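Participant: The sequence and its predicted three-dimensional model are supplied below.
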Amino acid sequence: MKTGFLSLLCIGILLACQNPPKEDLTEFQKEVEGMHDKIMGPYMQIADLQEGIRQEIAKDSTQRAKGDSLIMALGQAEKGMDDWMSNYNGDTLLDLSAEKGRAYLEAEKAKVTKVEEQTSSSVAAAKAFLKK
């Protein structure tokens, strides 16, 4: 009985000393991609907001400087999102080590957070300008 227990204990210790299981980054990846999904609503409004501002400027040229500034900010937000989406490679996470995968997702989360802030603020300013 003692030798059986000792054998199982030794096998357990040997198995525990093997490489640790790869960290599951699925939840972190879902969080990052969820941030993208959250931004998509305001992102889809950008072209309509830019057009609305152009129409408003055409009616009231005294608003041109403010309107042009808002159009540019919306364009930068749109470009930021387009760039992030084209450069994000979430499907390659399985090829990376857990450490590199986590580092990649942390960097992507920082980027998408910046895009979210830029998109939210420019869309809110455009809506305020258009009084929507």
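Facilitator: Done, it's in.

Participant: quick one: the helices in this protein?
Facilitator: For the chain, the helices defined by DSSP state H cover 2-16, 26-43, 46-59, 64-87, 98-130.

Participant: Please convert those to a markdown table, extending it with mean neighbour count and mean pLDDT.
Facilitator: (Each C-beta comes from the backbone N, C-alpha and C, glycine too.) Shown next, in a markdown table, are those (neighbours: other CB atoms under 10 Å; pLDDT from 0 to 100):
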| stretch | mean neighbour count | mean pLDDT |
| --- | --- | --- |
| helix 2-16 | 9 | 48 |
| helix 26-43 | 15 | 94 |
| helix 46-59 | 15 | 97 |
| helix 64-87 | 16 | 97 |
| helix 98-130 | 16 | 96 |
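
Participant: Provide the contact partners of stretch 62-74 at residue level.
Facilitator: 46, 49-50, 53-54, 56-57, 118, 121-123, 125-126, 129 (CB atoms under 8 Å, 6 or more residues apart in numbering).

Participant: repeat that for 6 Å
Facilitator: Residues outside stretch 62-74 that contact it (CB atoms under 6 Å, 6 or more residues apart in numbering) are I46, L49, Q50, I53, I57, S122, A125, A126, F129.

Participant: Cool, thanks, signing off.
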